[in-house]
Structure formats: structure tokens, C-alpha cells
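1. Have a look at this fold, sequence not included:
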């Protein structure tokens, strides 16, 4: 008897995380696409909006009907912040597993959520159940999870970069600096003057310096990385890079004392069993293009000129390991599939 | 008993067609990479030069030893023009199938080859046997072929674009214009000032206007497309686009008379069975990014303002359908594999 | 007694032609900026919207009040199509000279205007008076003109490219092809998904193939270039290039007969006295970046492989010679200033 | 009697700082270009190599003959490191003023120079006389100077960013972090695979993390900014941005104590009289494109979330305020011209 594939729905399929998710799902051997929703594009073939999906995705966009989504085994929310929280309860009750690629279930504290996202949380009672979907930390909790909060793109790159040092208690937790750079697809597929080619090309700038929504998410994650739990002092400055995909986080931490610890070996051991984290050889310079289209975080670390400052370089594709790929990795873990199923794509270079 | 994979060699694995071929071969289920050669990089891990291949290709570059290559079932030449012709005879004699991604076996006339490539041909006696690897024309001849000349990137886009009209005898063969635009990876991975980011970015220019090596190749191909065989008059102007991958050929042809022929339907029928040619609906505008990383040619056609001029828009990824992907398609046909094996990748968008 | 500068107004100063015009006007020795209008941005300092103008332009945007504009000696319309025609009459009556960078006064036939711009013309009686501002053709008429229609960007590049051949009657007027490529700033500073960096970068596509508004403008211009006046057959295909500025027109024309005419010399003579047209030496490849920020059209021409087809390459900066720079050149001519005043900027390369 | 212009020579005119210098010098009212040297391109018209200079620079490249250069009033070295030091003595003795845009006279300690540049210094006795050409610090010393060391691009952006805080003694000198990002033209116009468009576009990476030559230069400059002179601890990480021009330095410093000092006002006062430093209003985000082609440094500062870390954002065009423009500013000061002569260009945006 033929094995049945899982029925999968995608809510909000018209953005960049949406089309990337569809690209990956279309080739996943255990997945059958059941619905791709968009209020605005309802009735239009998905492959008409995204030429690259011609011949691969036959569905049309449908309005986000709860009844249709309730027929799915799993639903991905690639929608704006504040969408998943209004539908999650109903879907979970219908036995559907939910993976939210937006921010609704990332922060554990609903007050903090309200502060940063300027909305009342619609289902704060689900926050405790939601598993933060960074497999390198929460793999056990993800197995069988019903509700997963897929991490933000910056938080993925920054947390994976700092994690081994924080877990080992080697650095000053009050003096962490994350200077992060992202390609423009991180801003989504919205018509905004600032994201026009003629505005963003041949230009580099910081943004959100006074305070960015990923800051509390990163801080929450870093704080949980060590039992001793002294306060995290984190400065986070994101920048916009004239490229489509990729995040490069340059992380600065101060060693607590002169250690003999071999940091390179610390990282290599920590990530030895991780299929999607690549600690590069000492002296390497990870390039964002080396992960373009691939579900990977590549990391290198330095102690420049023998000083007390450790510099960690951490790169991901914001749409893959920073969004759709990690969501699929979580999906695989939740359902007991091989973790890398449908995620074997090699980065496109050049 | 486990089925044995085919041993495959790649000569000249340090260029862009080389790394693209390796990306595809690394995931091909019937292929075992046996050797990747480079005189200059011999001894260095391939994945050290191309970060994207870390964890996927374990080989080191080796010098191009005939003995090692003779152990292969098939050898791809991703080397400069003039390389394959010096090794093909020996490999064929050893029972190795040869696919040349360079120009050595593309022109049937050795005199013409000498004129355009400024070298004496090393094995003119093989030119007759070599099959020009455009599957949409030569599929039958490719089955079981020993020696395949993989088409140039521009010639692939231009020939597929003009073919249905020429085969149907509808256009003036003496007035063909191909205005073609290519991303910079078409120039290869050579240290040249003109290809620096600071020279090629934010710039657009024509080149090779007085005469380009792909002109005789295209003309030869077009000339063979119709028995009546009146002389082909072709003007071909290539341009450099500030992007990495992609070719867009804008083709102009003059209808011989006022026909009632439905051109859209002519193209759809001609390519209905072709897995890697996509005739888009009337009114479409094919984008090069819709085939980025994918083995596809997408085509649309127009008669602007009802005039006698037909405009055909034809796009490919120069490194995939224009080089490595088509080479793998030919490899599959030569060996009797399913034609799309290892070529199911969906274009990366955005 | 100090000489008085001319008071100049700019209507619609928030777009790309607007900011470019302000950049040039701010350094023009005979100009005093009197008003820069924008309904939406009224009250905001111009230099707050355009960081590059900090310290150079002190004005705030004001609403487009006729009274304020009537105080000017000259008013530039850098506004959307259909704006200038509603205000021109009033300004002219007040003695203000008007230069429209949009399309309102480009087409001589109000019917044709309605067909292509889908609006009724508001002052068809002014169309006869309006001078088409291509100085290389209409310099005499521009002297003292009250109302100038600044040419479109594509029409500037295409007309200057074909002009010498058409004037000399050497080519088949029924078989003209203009394959034109433009940077994205040509689409203006409007929030549109298709113009986002993540959509336009690393991509190349044609657009408007079925019919583009610059087609009737170009045809009207070409038709006027020769007394014999046989019908112009023009195929015009514009393309979008992933770069901010620049137009490259690749023009194809068929020689009427085998001539002995030295085409290079024909072009050099035709443009010998033109300060802003540069006929490059035979064999040159004009690059769009060679005119970035400069009021120049550079041209080269070829007869590839000795065939009957002439290929002309014509490049401009769409925002300068294709818009703001040409407008200022017209302004200078209208007012009897030295034609190049304030236009001496050298292109920024790289 | 007509005033005589100064004769100026440029050694090494084939690189990006060279062409930028020529663009500026060609419009400088007090300058007559006397010689532009290049061993390799000798005999070729400068405007043949750099299309943008057609019609503006009539000279041909000449070999770097001391006799010709000695006829100049001033000579700019836009040559590789190690060139100026071999010719400076002779030129100074001939009464020629020398401005070196390379690194030969930047470091005061010849030992340190040897360590970082791996050459013996050819004229260490001139190091004391050489004035470090950052006008915002050394304006007085520059007046009448014979020999000027033009600062590096990163050092300009970083020093101007930290200066007010260091001078005021408000920050921990041992914990300075400079995370700097540069466009690719900073690497020069050399044929290198890593700088090809297909390598550098759509990519972001750090480089020189283990130690970069601008580190000692920055440290030397910062150390001199305050009498108390406790040791500078500086971590400097440069990155490569896929754009042609522009540097964005993101600087991190820790306030020594909770101050009431108004940092915004501190910066505004410090730079109030500086024509080429623009302290932007609180909350601004300086963009590199806002200084493209202009001799300006724009600065903004933040204390994110009220923490002890100050974040300074400092942008320049690496080829202008970071090289050729600053050299011309120094030239003006040295010769007693108005400091901004020939430097009034407004940044090109978009």
C-alpha cells in the first residue's frame, strides 16, 4: 500500500519566506501541498506570481479558510506578525501542527511581546507550550511538538555564534556586541520606497539602532544558555547590505580571563553532531554566498592580535536557515522524519 | 547486489562551469565523482576553493593524468577551449565517453574553427562523430553517443528561440537579429580587470560587436533547421549585464508574409514534450531569475503593434541550461538514464 | 550692482528626476531655487528626504501653489504625466517659462496622446507652441521658447543614435529596431514590488514589448528627420537592467544599398559642434557608467562582419541627458546662457 | 596679467584613486595637469583608459620620470605602497610638494611600518616631517607643509567617528571596537579573482580579521587624541560590501561612567566649523550613498536602549574623503587656497 504523504498548508504564501518554503516543500518526498493562502491573490495560480514555481506547484492561492487548513497535518505561517496567534488555537484543537515563521510565539513574556510588537497577544496561554525552534538547542522538545516558534533570522545567526562560549561560561555576559548585516529580502516582499533597487543598491546603512525587535528575542535566547544566569548585556546593530540573501553576524565578546581554552576545538566539539552547523577551519572567512539557498550556518572564530576580544563570524541564508529551511528542519523533527529530508540542496555559487 | 555508480571525471574544475557541474554531480544518484583535475590547484581540497561544496565534495584536485581519467566511465571537460581536443582521442579509445563544455567540437568545419579560435584543430577526424548536444534537436543522436559537444550558452538561448519559426519556414532567414545579454559569469573565473565588481557593476555595455565566436556556432545551428537552406543572415550583438547568472536573448525576425499561423500555438506544440523548455503563456515576460540554478529555457513571443516583426524572448541560466545542466542532461541521454535525473532543482527566487 | 539670479521652481521634487534636477540647480551660477513643491511632503526640508542635498538645498517642500510658482522666472515640472498640462497655461500667462520633464507636451497629436496616456489633454492648443527639447535638432527653436517638452529618456538615446543615418537617407526607414536597456531609476521613485531590490537585482527582463509610450514619441521624432518622409517602421523593445542609472540603446538599421559612405565620419561631422554628444572612435564600446552623472550621449557604430546591417550603440544617463541635465541644457538655451552652464560635471567612474 | 595655475603631477594614474583624483583635478580652477604617469600604459591617452575623462583630460600617460615630475609644483602619489618613499626626497629637494595617497608616510615608527608593510622604509628621516593629512586634527600643520601622508580610508572614517569622545575623555580607551564595511573599490583596480563581480556581488564577508594594516594607523591616531594617553585597545574588523564606493564604520565605545554629557551636542560643537564633517540630527541613519562622489564624512550617534555603549555611525566615500578628495583638501590647505576649492560636488543620489 502506498504510503500517504502529509498534507501541508502554507498561510501567507506571497512573501519571500513563503516562496522559499514552497520551493523546498515542492521537492520534499513526504509532503503534499494542500493549500497556499493569500487573501489578495486568491484564485491566482501560485506559479503565476512566482515564475520559478512554474511546473512545480500547480495550486492556486486560496483565501485563508480555517476549514481548509484544518484538513492539513501541518500548517506553516509565513504571514505577517500577529496572524498565527489568531488561528493557532483552532488549528491545534483540530489536531494540526503549527509552525509559525513570524514572531507570534518567540517571546515567552506576553508583556514583552506587546511592548515590541505593539499588539495584545491573542493567545498568551499557548506561549508556554510553544517550542522555540532552534534545533541545536531544543531538538528534544521539538520531537512531537504541536506548536513551534521558528526563530528570527538575526537571532539564528547570533545565537548559534555565541552559544558555545556562553554555555562554557568563558565570556563576559554583560558585554556582548552583535554587529549584524542582512540582505534586503529580510525586509520582506512589501512595496516600500526604501527597499527599491534604486535606494538599496550601491548603499550601506544601519537601521533599528535605537532598538530592534530581534533584540529581546536574542537576549532571551542567550540568557537561557547558562545556568549561572547573570544579566545579559547585548548591543545589537543591524545593517542593510545591497544583496538579496544572506546574513553575516560579526560578534564581539570579551574573555573573562586569560584561558588556555582552545576555542576552535570548543566550537568544533559543540557542533560536531549538528548537520546544519559548519565550524570552519581556523583562519577561514565564511561568505554569505557559501550558504545561498542552503540550510546551513557556517561559523569561524578569531582572537585578533591575541587580545581578549573574541570575534565570531556567523553566516546563514536568512530565507533558509534563517526562515523556511529551519522551519522545514523543525517540521522533520516534529514528525520524526530524517532531519535533513528535503534539505540537501547545495548552495548556489557563484 | 548493489548497483554500481558511474565513475565520472571533471577536467578543469576550478571555473564556474566546473563548480556548477560539481554541485549537480554531487547530488546525481548514478554518479560517483572519481577525479576533479586542476594543474594549478592540485592537492587542494575542492571544497577549500569552493566553500559551497564543503561537506558535499570530499575530493582533492589532481593533475589531469590521462591514466586516472581513463578509469572513468565519462569525463566532462570544463576546461578552456583547446583542451578537450588534445585528450579526447585517448579517452575515447579507452572507452570513456566525453562531454566537452568548451568549443572544441562545436563547429563542424575545422577551417572555421581555426579562423575563430585561432588554433589548429588537434583531431579534426572526430568532428564528424561529435554530436552537438542540444537535446531538443539531437536527442536521437545523443543516445549512446561517445563524444558530445555541449553547446555554448548564447547559442542555446538563441537556437531554442528561433527554432520553431525556422523549422516552419515562416521567417526571412536573411534578416535575423539576436540581441543577447549575459551575466558576467559567462566570462569565466579569470582574473581580468574588466570583470571586477567595480568595473562591471552599475554598468551596461555591448562587446564583441565586430564578431563573436558564438556567431558561427549559432549560424551553423540555424542553417540546419530547415531543408530549403537559403543562407542565414544573422546579426548577433552580445552585452554584459551586471548580474552573476542569466542570459536573455531578444530575437527579431521578419515574417515572410501575412500568415494566419498562431505563433503561440506553434511554439507550444513544438516544445510540448520537452522537459526543459517552457513556452510561457501569451503576454508573459520571462525573467532570467526564474531559471537561476535551474536547467530550463523559458520562452515568450510577441508581434508588437501587429507589425511583421516577431520578437522572441528566451532566457536561460548560462551556467545550467547554458553549460553544466545541459551537459548533465546530455550525460543522462547518452547513458539511457531518465533525462531529468539530478536536474530537478527549482530556480532560486528571489 | 550685483546681477540678479533667475528664480526657479521645481514641481514634484520628490522623484528621481526631481532630486537630480536639484543637484544640478544647486550649483548653477544663474539660478536661485525659489520653490520645490510636493503635496505629500509639504513642510519637510528637502534635504531631510534627500540626504545628499544636506548643506546644499535649504528649502522645505511647499504645496504646489500657482501664486508661488508664478513668482518664478522658470518652472520645471518633474511631476507625473498629466500635471504640467493643468498648470502650464496659467504660468505662461504669468510670464513664467515652463519646462516639462514629463510627457504632456511631447506628442504633437492630442489624439495620440490620449491613446497612449489614457487622459484627455488639458491644453491641446499649446501643443503647437511647445518645442521638443532635443537641442541637437531644435536648438534654434529653443532660443527664447516659453514652453519646452523635455524628451523621454529612451527617445533621447534612440533619436540621437539614428539621426545622422536618417538625415542622410542611407537606411531603410521601414526596418528600424531599437533594443533598449535601462537602469531601474527610469521607473521612478514609486513603491512598487517589481522595483524592489530583491526583485530587480540579479535579474534581466524585457517589458512593454506589446507597446510602450516612448514608441510614438520616438517614431514622431524619427519621422521628422528626413524630408522624403516614407513611413517609419520601428520595433522598440525596452529592458530592465539591474543598475540604478543608465540607458544603452542598441540600434539596428539596414543600409539601402552598398554605399561607400564612411559612416564613422558621417557621425563625427554631424555631431562635431555638439557639446553633449560624443562620437567615439571606431571600434569603441560605450559604457553606461562613462556618462553616470554627466550630461552626455556617447555613440559608437559598427557594421558587423561587413553585412548590410548597421549597429549603433548609444548611451546616456537616463536622469541627466535623459532628463534633468537635458532640461537644464534647454533652460540655458531658452535664456541665452552658455549652453553648458552648470553641466560641466564629469561622470563618476567607478 | 593672467594668474598662473599650479602644475600638478599624478604618479600612478591607472588605479581608482588615480582616476578619482583626475576627475577632481580636471575641474580645479588653480590646477594645470602636467603629467600623469604609468609605466605600463605610457603613451596611451588617459581618456582612452577612463572613458569618463574623454574631453576633460587630454594628457597621455608618461613613464614616471623624475625630471618631468620635478617641473611640477605638487605631485600626488596614487601609486602602490612603497613607491612614494623612493621618490619623495628627490622631489622635495627640487621644491615640489608631495602628497602620498598610499601608506608610506602614515606610520611614524619605521619599525612598525616594516612589520606591517614588509618593506624597509626608504627614507625614515622624512617621517617626522610628514604631516598626517587629517585636516580636522592637523589643519595648522598642513599649512605650508611640504610632505603630506594622506590617511587611509578606514582610518579617516574611524578616527573622525571616535575623535570627540576620545578628546573629551568620556570613554574606555581599552575597549574600542570598529566594525567597518567597505565597497570593493577600496581593494583597487587590480585583476584578482576575489574581486570579480561574480565573486563579490551578492556576497558579504569579513577579511583581515587576524590583523589589517589600517589597525596600527588607526591606533596611532586614536592614541594621540588625548593627553592622558592610556593604552588604546582597539578591535578592528573590516568587511567587504557588494557595492563600488563607500565606507560605513560602526563604532562601539563604553562610557566611563554615567554622565550627563549631551553627546549629540558634543559632536555638533566639535565639528561646527568643519566644512567636510556633517553631524546629522539625533536619530539619523547616515547612508553611504549620501556621500557618493562627495568629500564628506557624515556621522550619527546613539546610545541604544539607554545602555553604557555608545554606537557611532560614520560614513565616507572611500575614494573621496577617504582618498582623492581629502588629498585635494590637503593640497588646498598646503597652498593657502580656499579649503573647499574644487570640492563642491554634491553626492550622486540615487
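-> That came in fine, so what should we check first? Just so it is clear, the structure is predicted and the values come from calculations on it, not from any experiment.

2. roughly how far apart are residue A:20 and residue A:178?
-> Here the criterion is Cβ to Cβ, to the nearest Å. By it, residue A:20 lies 24 Å from residue A:178. The way it works is simple: take the backbone N, C-alpha and C, and place the C-beta from them, glycine included.

3. So for stretch A:71-91, what gets flagged as buried?
-> Under the neighbour-count criterion of 16 or more other Cβ atoms under 10 Å in any protein chain shown, stretch A:71-91 has A:72-79, A:81-85, A:87-88, A:91 buried.

4. Could you tell me the end-to-end distance of that stretch?
-> 9 Å (Cα to Cα, to the nearest Å).

5. Give me the contact list for it.
-> A:6-13, A:15, A:17-18, A:21, A:34-35, A:64, A:66, A:69-70, A:96-105, A:117, A:119, A:121-123, A:126, A:147, A:324, A:327, A:331, A:334-335 (Cβ atoms under 8 Å, 6 or more residues apart in numbering or on different chains).

6. Looking at those, which are in strands?
-> Taking DSSP state E, the ones among the contacts of stretch A:71-91 that sit in strands are A:6-11, A:34-35, A:97-100, A:147.

7. Any of these buried? List them.
-> Here, 16+ other Cβ under 10 Å leaves A:6-11, A:34-35, A:97-100, A:147 buried among the ones in strands among the contacts of stretch A:71-91.

8. Identify the residue of the stretch 151-300 of chain A closest to chain B, quick one.
-> Nearest to chain B in the stretch 151-300 of chain A, going by Cβ to the nearest Cβ, is residue A:290, at a distance of 3.5 Å.

9. helix, strand or coil for the nearest residue to residue A:310 once chain neighbours are set aside?
-> Leaving aside its sequence neighbours, residue A:310 sits nearest to residue A:253 (Cβ to Cβ, 6 or more residues apart in numbering or on different chains; 4.9 Å). Using DSSP: H, G, I helix; E, B strand; the rest coil, the structure places residue A:253 in strand.

10. mind listing what residue A:253 touches?
-> A:162, A:165, A:171, A:172, A:175, A:176, A:177, A:309, A:310, A:312.

11. The helix or strand where residue A:237 lies - contacts with which helices or strands?
-> Element membership of residue A:237, judged by DSSP states H and E, is strand A:234-241. Using 3 or more Cβ pairs under 8 Å, 6 or more residues apart in numbering or on different chains; DSSP states H and E as the contact test, the elements touching strand A:234-241 are helix A:153-167, strand A:176-183, strand A:205-206, helix A:214-223, strand D:247-254, strand D:309-316.

12. how deep is the closest residue to the residue of the stretch 151-300 of chain A closest to chain B other than its chain neighbours tucked in, by neighbour count?
-> Once flanking residues are discounted, residue A:290 sits nearest to residue B:51: 3.5 Å by Cβ to Cβ, 6+ apart. Other residues near residue B:51 come to 21 when the count uses other Cβ atoms under 10 Å in any protein chain shown.

13. ok, residue B:51 touching residue A:294?
-> No - using Cβ atoms under 8 Å, residue B:51 makes no contact with residue A:294, being 10.5 Å away.

14. Which stretches in the stretch 51-200 of chain A count as helices?
-> A:66-70, A:84-93, A:110-117, A:135-142, A:153-167, A:197-200 (DSSP state H, counting those that start in this stretch).
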